[in-house]
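> one predicted model, sequence on top.
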Amino acid sequence: QVQLVESGGGLVQAGGSLRLSCAASGRTFSSFAMGWFRQAPGKEREFVAAISWSGGSTYYADSVKGRGTISRDNAKNTVLLQMNSLKPEDTAVYYCAASYLLGSYYDTTRGYDYWGQGTQVTVSS
């Protein structure tokens, strides 16, 4: 088991930045690959970014590539998502997720075993 708690969401103007944080507790954090997903009202949960257990490999959705950076600090049991040049279409609840194995399903919800409760990000135009 691992518990995930997101923070850092809020209201920001278009063009601004936010840094989302996910704090993990429970089983050894460094054993898990981590991901960020988001879900806008009336839409399915979609992949944003993922990072391997070591941090050596990262993956991004095309929609955030060049604007988002995922990182992790295994000593602090934390994974971060830095989002820059935010757009109104980035408005969503952002979820942190943990995966035992970052396989070919890294960009789908089925690839993850544990989820946080989410943090709201609202980007105003």
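In hand now; what should we look at?

> can you tell me the closest non-neighbouring residue to the spatially most central residue of the chain?
The centroid of the chain falls nearest to Trp36 when counting by CA atoms, centre = their mean (2.0 Å). Leaving aside its chain neighbours, Trp36 sits nearest to Val48 (4.2 Å; criterion: CB to CB, 6 or more residues apart in numbering). (Glycine included, C-beta is placed from N, CA and C.)

> distance of Thr119 relative to Glu6?
Distance of Thr119 to Glu6, given as CB to CB, to the nearest Å: 4 Å.

> re earlier: pairing partners for the host helix or strand of the residue nearest to Trp36, with directions?
In the assignment (DSSP states H and E), Val48 maps to strand 46-51. Note on strand 46-51: by DSSP bridges, its sheet partners are strand 33-39 (antiparallel), strand 58-60 (antiparallel).

> so for that strand, what's the average pLDDT?
For strand 46-51, mean pLDDT rounds to 98.

> for stretch 93-112, same thing?
On average, stretch 93-112 scores 93.

> starting at the chain centroid, how far to the strand holding Val48?
Here strand 46-51 shows a centroid-to-chain-centroid distance of 6 Å under the convention CA atoms, centre = their mean, to the nearest Å.

> which residues touch that strand?
The contact list for strand 46-51, computed with CB atoms under 8 Å, 6 or more residues apart in numbering, reads 33-39, 57-61, 63-64, 68, 70-72, 79, 81, 94, 99, 102, 106-108.

> any of those buried? List them.
For those, a burial check counting by 16 or more other CB atoms under 10 Å picks out 33-38, 59-61, 64, 68, 70, 72, 79, 81, 94, 99, 102, 106-107.
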